[in-house]
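**Student:** Turn this into a structure:
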Amino acid sequence: MPLLENGQIIQDTWQIAVEGDSLPTGNVLVPLARLSEGLGRNTDARLGVVLTSADEVETLRDALPRLDVVSLTFPIFRDGRPFTQARALREHLHFKGEIRAGGHVLPDQYEFLLRCGVTAIDLPEGSDPAVWQRAHEAFTVAYQPSILNEQAEGFALRRRLT
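**Tutor:** Predicted coordinates for the structure are as follows:
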C-alpha cells in the first residue's frame, strides 16, 4: 500500500512478517509477538513493529532504540487508542523514529494523527491524497498541546472571542 508522508505519496519499502512464515530478508515489520525474533536477526536490515490498539507501548521501552518504525493499527475509525499510543511513544518514551498509522483511518483524523506524533499514513488502496491534504489544511487553530513545534491557541481563546 502507498504511504502518505509529509503530504506526498511514497512507496512502502517495508515487508510485513506473515504469521507462520520465517522472517523475510530486508526491512521488516513484525507483530509484537515476534519482536524478539526480529531483534535476534543477524542482519543490518531495519526493523519495525506493528502494534494493535490493545498492545501497551511500554512493552517496547527496551527495544525502541533498535526500532526504526512503529506501526499503529486502527481496528475501527472510532477507536482512539492508537492516538494515545502515538503520543506515549513521542512524549513518554521519546521515540524518534517513524510512527505509522494504518487500518481504518479517515482523512478527517489526519491533522490529529500528526499532532500526536504520527509521521506516515498507510493509505487504503485507491485513496486520493488531495482529500487528505485538504483535511490537513482545514484546521488552522489548535485547542490542545501537540508534539509539533506550535503553540496551542485554544487556551483562553474563549476569553479573547467574547
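
**Student:** switch to C-alpha atoms for all contacts and neighbour counts from now on
**Tutor:** Noted.

**Student:** could you measure Glu58 against Ala86, distance?
**Tutor:** Relative to Ala86, Glu58 is positioned 12 Å away (CA to CA, to the nearest Å).

**Student:** what about these two, which has more around it?
**Tutor:** The residue with more neighbours, out of Glu58 and Ala86, is Ala86; 28 against 14, by other CA atoms under 10 Å.

**Student:** Might one say that His136 is in contact with Glu111?
**Tutor:** Yes - contact criterion CA atoms under 8 Å: His136 and Glu111 qualify, at 5.1 Å.

**Student:** Give me the longest helix you can find in this structure.
**Tutor:** helix 81-91 (DSSP state H).

**Student:** contact partners of that helix?
**Tutor:** Residues outside helix 81-91 that contact it (CA atoms under 8 Å, 6 or more residues apart in numbering) are 53-54, 56-57, 72-74, 95-96, 99, 101, 113, 116-118, 147.

**Student:** Repeat that for stretch 17-26.
**Tutor:** Stretch 17-26 is contacted by residues Trp14, Gln15, Val28, Leu29, Val30, Pro31, Gly38, Ala45, Arg46 when judged by CA under 8 Å, 6+ apart.

**Student:** before we move on, the earlier item: got a ChimeraX select line for the buried ones in the contacts of helix 81-91?
**Tutor:** Typed into ChimeraX, the line below selects the buried ones among these, using 16 or more other CA atoms under 10 Å:
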select :53,57,72,73,74,95,99,101,113,116,117,118
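
**Student:** Take the contacts of helix 81-91 and keep only those in helices.
**Tutor:** Cross-referencing the contacts of helix 81-91 against helices under DSSP H gives Leu113, Cys116.

**Student:** Alright, that wraps it up for me.
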